[in-house]
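1. got a sequence here, can you model it:
(chains A and B)
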Amino acid sequence: MSSISIDETTRDPAFPGVFLRMDSIEKSFPGVKALQGVSFSVARGEVHGLVGENGAGKSTLMKVLAGAYHANGGQMELNGEIITAPTPAAMIERGVAVIYQEFAQADHLSVAENIFMNRLPRNQFGQINWAVAARDAETAMSRLGFNIDPRRTVGSLSVAQRQMVEIARASSRNAQLIVLDEPSAVLGDNELEKLFATIRSLQAEGVAFIYISHRLKEIFELCQRATVLRDGRMVSSRPIEEWTPDTLIQSMVGRPIADYFPKRNAQPGEEVLGVSGFSRGKALRNVSLTLRRGEIVGICGLAGAGRSELLRAIVGRDPVDAGEISLHGRKQDIASPRKAIQLGLGFAPEDRKTEGLFLSQSVKFNVTISKLGRFGSPAKLNLGKERGAVRDYVRQLRVKTPEVDTKIGTLSGGNQQKCVIAKQLNAQCDILLIDEPTRGVDVGARREIYELLVDLVEREGLAVLMVSSELPEIIGMCDRILVMREGEISAELPRGSSEEEIMKHATFH
Amino acid sequence: MAAPDRMTETAGRKFCIGLPRGAGLVWVLIGLCILATFLSPSFLNPVNVTNVLRQVALFGIVSVGMTFVILTKGIDLSVGSILGVCSVTTALLLVAGWTMPAVVAAVLVIGVLMGAVNGLGITLGGIPPFIMTLGMMVMGRGLALTLANGQPVSIGGRADEFMWLGRGAALGLPVPVWIFAIVAGVAIYVLRYTTYGRQIYAVGSNAEAAHLSGINVGLVTFSVYMISGFLASLTALIFVSRLTVGEPTAGTGIELEAIAITVIGGTSLFGGEGGILGTIIGAGILAILANIMNLLGISPFTQQIVKGAIIIGAALYEMLGKRRSRH
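-> Got it, this is the predicted structure:
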């Protein structure tokens, strides 16, 4: 496998010219302008870093590129040709392959079938030629230095192997531009090195990459150019030499980092939650932690480290093999989320749309469903009282919604998240477990979420246990930081720890 | 937003709660009534109106149960067969000399139990509602035919005391219409003013979120099939009373009628959206339509074509509305 240094590629005259040009792309959804006049281009053989906070518009931009979303304005040019009708099929045809974080794979089918989906080799009778399919799949993979049996089902592969299958699929289609959306989030260090080697070898053949990552180290190591998106706008696009980690972060958040998170004045009180010896298979291994009144504790770690699993186990959503929970010093058996809510333990899950919200219902419905008993007897709800209470929450949390009867699905991510928090307040929870509090939330609204959480913690004595993949958020918000790795807590760090230190405990060395 | 604006908007929305497509359906119903009076002078004839109302009531009662089930994102194909089993049982028990209250109680319990079996298969067994209730539909019809020996069971001498339920009238309206009014009224109240009602919508909108919100999803799901079974058995009592025989084939196809009524009434097959007001109007629309076509002497075959087209049209209308709200 050949590799090529960054300097060689940028100077190499064999790959001149721009492959992709996106010009003034606009895209809006109800309530959100996701992209506003984004212009952006990628040269052949270039690895182009695309960075920005969650909700900055990276994924939306990539979906426009993939033909999955239709832009409301602007134009796209591939290889000098203006694309008039960008459908997914047309974009694949023109050499664009987008590899999403959640792979679009058929788990029950074999590796070969996934690689050659829709274009399996056939014999003269039109039957699929499985032998050829397996051979071609093997070739496609060994060319990239992968070693996976093409007959295995994709569902049985590790995440890193699945990623390899996706890349092999893209390259076997002669993709000229491959988009990798947070490829490293699911990889260990060794696997990451292998991925980088693959990228570089394809790059040497003239394939361009758009590399999306939150990990700036990777951007500096791999990319020749970095573009920053913020609030749906292109902020800056420059050769990598002109960036430093600080300037990159500053462009991403739009203000010096120090001011982005609210000032904390933590005065933790008595212990409200104690977890000891939580274990379940390989997902959780002897996890113990404490949480005190008025405290924000962060849990971080790589994807698959067991962070969400821990929260789900604490609220009784998933069972554990062993472990005990105490609330306010008393041992409790929390067998279901129902019990957790009764005991004042609120949970805001990671994926709002599939687990947290009733998208087709109103704001009011979503906020009060956690405890309707507050509004009269179960057989006679006082709808006026309910409406009044929700209006108060909307005012208190500054939820931007036309009315409390508005469908929650039409609100922006930030306002939806505020409603999820309001729901926990309505259930009179004094402990809030919140998974990825600002996922899918616009940058501006993020700060409001942070302020809101800090306000609730400091004024009302709420205790918050928050899981986040975003280290700045963990560092900026939390009084203590728990780092998880392979189902166990590998370190407890104090407020103000550095990203490097956290990553050291989150990964293997 | 200024306060007066908010008030009017709120009032407007309140009306829509059980009726997601707003007042549109009401206008369709009124339009159909006006059309019917023009097309056939006998439409407004009291006898005809009573007939239409009775029709609305019989299908409506089953459809209320169906609405509960569909709101949880389920489906109940077995209501027709439950109706058949209960019809035969009613007749057999009457013939066996059971007292009226005992017969009514026993038959209602049988309906609830059959619904409970559906509910158990779906919640504990994890069988998809479509399959579970399909099995119950086939099994129930077989059971009804077995119990009745394949023949209608006449209630003979008990007809006089039992006829009131199906043929009687109170304050100028047939008894079944009153029963439907009570059932619909209770259902509207339950869905709107009780915790249980909210839980039904929650389970149908997002079962996982409902579970995480502290709702016993299994129990709610289980319960709606019992309600559906209960209302099917109630309809069976009215059927037997009207016909004075227990027909083992009674209610054949009524599940499709009830699903059509529910969907036309704006309840989403994807769960969590819709309500009883829509179902009442849906039942009205289908009944009046059938009545117009009968009065005009349109053949039953053609009627089926029209009915099918209307079901597809209603579903299409819903999908278009969804797509519009998404973009």
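2. show me where pLDDT drops low in the stretch 101-250 of chain B?
-> Nowhere does the stretch 101-250 of chain B drop to pLDDT under 70.
3. next, the buried residues of stretch A:99-107.
-> For stretch A:99-107, burial by neighbour count (16 or more other Cβ atoms under 10 Å in any protein chain shown) applies to A:99-100, A:103, A:105. C-beta: built from backbone N, CA, C; applies to glycine.
4. and that stretch, what's its mean pLDDT?
-> Confidence for stretch A:99-107, expressed as mean pLDDT, is 78.
5. quick check: end-to-end length of that stretch?
-> 16 Å (Cα to Cα, to the nearest Å).
6. so where's the stretch 51-200 of chain A shaky on pLDDT?
-> A:54-55, A:186.
7. closest residue of it to chain B?
-> A:H70 (9.3 Å; Cβ to the nearest Cβ).
8. if I pick B:A236, what's in contact with it?
-> Shown in contact with B:A236 (Cβ atoms under 8 Å, 6 or more residues apart in numbering or on different chains): B:82-87, B:90, B:107, B:111, B:250-251.
9. grab the nearest non-local neighbour of it.
-> Closest residue in space to B:A236, ignoring its immediate chain neighbours: B:C86 at 3.4 Å, by Cβ to Cβ, 6 or more residues apart in numbering or on different chains.
10. what about that neighbour, neighbour count?
-> 31 (other Cβ atoms under 10 Å in any protein chain shown).
11. same check on A:I449?
-> Residues near A:I449, counting by other Cβ under 10 Å, number 22.
12. go ahead and confirm it touches A:G413.
-> No - contact criterion Cβ atoms under 8 Å: A:I449 and A:G413 do not qualify, at 9.7 Å.
13. what do these two both touch?
-> Residues touching both A:I449 and A:G413 by Cβ under 8 Å, 6+ apart: A:V441.
14. quick one: the strands in the stretch 151-300 of chain B?
-> Along the stretch 151-300 of chain B, counting by DSSP state E, counting those that start in this stretch, strands occupy B:153-154, B:169-170, B:173-174, B:245-246.
15. can I get those strands in a markdown table with mean neighbour count and distance to A:A90?
-> Listed next are the strands of the stretch 151-300 of chain B as a markdown table, based on neighbours: other Cβ atoms under 10 Å in any protein chain shown; distance: least, Cβ to Cβ, whole Å:
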| stretch | mean neighbour count | distance to A:A90 |
| --- | --- | --- |
| strand B:153-154 | 18 | 66 |
| strand B:169-170 | 12 | 67 |
| strand B:173-174 | 18 | 62 |
| strand B:245-246 | 25 | 63 |
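16. out of these, nearest to B:L77?
-> strand B:245-246 (21.6 Å; Cβ to Cβ).
17. which other helices and strands contact the closest one?
-> Here strand B:245-246 touches helix B:79-95, strand B:153-154, going by 3 or more Cβ pairs under 8 Å, 6 or more residues apart in numbering or on different chains; DSSP states H and E.
18. for those, which one ends up most surrounded?
-> Most buried of the helices and strands packed on strand B:245-246 by mean neighbour count (mean count of other Cβ atoms under 10 Å in any protein chain shown) is helix B:79-95; its value is a mean of 28.
19. so what's A:S41 up against?
-> A:18, A:20-22.
20. and the pLDDT at A:S326?
-> 92.
21. does it really touch A:E270, like I thought?
-> No - if you go by Cβ under 8 Å, A:S326 and A:E270 don't touch, sitting 11.9 Å apart.
22. so for the two, which sits in the more crowded spot?
-> A:S326 (15 against 11).
23. Three-state assignment for the more buried one, please.
-> strand (DSSP: H, G, I helix; E, B strand; the rest coil).
24. which one of the contacts of B:A236 is nearest to B:T194?
-> Of the contacts of B:A236, the one sitting nearest to B:T194 (Cβ to Cβ) turns out to be B:G111, at 21.9 Å.
25. doesn't the closest one lie inside a strand?
-> No - per three-state DSSP, B:G111 lies outside any strand segment and is helix.
26. show me the contacts for it.
-> Contacts here follow Cβ under 8 Å, 6+ apart; on that basis B:G111 touches B:82, B:86, B:229-234, B:236.
27. hmm, try it at 6 Å
-> Neighbouring residues of B:G111 by Cβ atoms under 6 Å, 6 or more residues apart in numbering or on different chains: B:82, B:86, B:229-230, B:232-233.
28. which residue sits closest to it, ignoring its sequence neighbours?
-> B:S233 (2.4 Å).
29. ok, back up a step: could you look up the SS state of the residue of the stretch 51-200 of chain A closest to chain B?
-> Per three-state DSSP, A:H70 ends up coil.
30. give me the number of residues near it?
-> 12.
31. how does chain A divide into domains?
-> A:260-344+A:429-509, A:350-427 (automatic domain parsing).
32. so what's the gap between the last one and the chain middle?
-> Averaging C-alpha positions (Cα atoms, centre = their mean, to the nearest Å) puts domain A:350-427 25 Å from its chain's average.
33. count of residues packed around the residue lying closest to A:S362 once chain neighbours are set aside?
-> Nearest residue to A:S362 in three dimensions, chain neighbours excluded: A:D405, at 4.7 Å (Cβ to Cβ, 6+ apart). Burial of A:D405 is recorded as 20 neighbouring residues (other Cβ under 10 Å).
34. for A:N174, same thing?
-> So A:N174, with other Cβ under 10 Å, has 9 neighbours.
35. how near is it to A:I25?
-> 25 Å (Cβ to Cβ, to the nearest Å).
36. and A:I178, that's in a strand?
-> Yes - A:I178 sits within a strand when classified using three-state DSSP.
37. mind listing what it touches?
-> Contacts for A:I178 (Cβ under 6 Å, 6+ apart) come out as A:97, A:170, A:209.
38. and the last one, helix, strand or coil?
-> Pointing back at A:F209 there. strand.
39. name the residue closest to the centre of the chain, please.
-> Defaulting to chain A. Central residue of chain A (Cα atoms, centre = their mean): A:R439, 6.5 Å from the mean position.
40. chain B is the one I meant
-> Residue closest to chain B centre, computed by Cα atoms, centre = their mean, is B:S63 at 1.0 Å.
41. that one sits in which helix or strand?
-> Secondary structure assignment for B:S63, by DSSP states H and E: helix B:46-71.
42. go on, A:K504?
-> helix A:499-506.
43. what's that helix in contact with?
-> A:301-302, A:471, A:483, A:485, A:490-491.
44. then stretch A:416-433?
-> With Cβ under 6 Å, 6+ apart, stretch A:416-433 has contacts from A:272-273, A:311, A:341, A:344-348, A:352, A:356, A:363, A:366-368, A:370-371, A:393, A:397, A:399, A:408, A:441, A:449, A:462-465.
45. averaged pLDDT, that stretch. What do you get?
-> Here the average pLDDT along stretch A:416-433 is 92.
46. what's the offset of that stretch from the middle of its chain?
-> For stretch A:416-433 - counting by Cα atoms, centre = their mean - the centre lies 22 Å from the chain centre.
47. what's the answer for stretch B:214-233, then?
-> Per Cα atoms, centre = their mean, the displacement of stretch B:214-233 from the mean C-alpha position of its chain is 14 Å.
48. got the CA coordinates for it in CSV?
-> Only the C-alpha atoms of stretch B:214-233 are listed here, as CSV (Å, rounded to 0.1, in the frame of the first residue of the first chain):
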residue,chain,number,x,y,z
GLY,B,214,-43.2,5.9,32.9
ILE,B,215,-46.2,4.5,31.0
ASN,B,216,-46.9,0.8,31.2
VAL,B,217,-47.0,0.3,27.4
GLY,B,218,-48.0,-3.4,27.7
LEU,B,219,-50.9,-2.8,29.9
VAL,B,220,-52.3,0.1,27.7
THR,B,221,-51.9,-2.0,24.6
PHE,B,222,-53.6,-5.0,26.3
SER,B,223,-56.5,-2.9,27.4
VAL,B,224,-57.5,-1.5,24.1
TYR,B,225,-58.0,-5.0,22.6
MET,B,226,-60.3,-5.7,25.6
ILE,B,227,-62.2,-2.5,24.9
SER,B,228,-62.5,-3.5,21.2
GLY,B,229,-63.7,-7.0,22.2
PHE,B,230,-66.2,-5.5,24.7
LEU,B,231,-67.7,-3.2,22.1
ALA,B,232,-67.9,-6.0,19.5
SER,B,233,-69.9,-8.1,22.0
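49. that's all I had, so thanks and see you.
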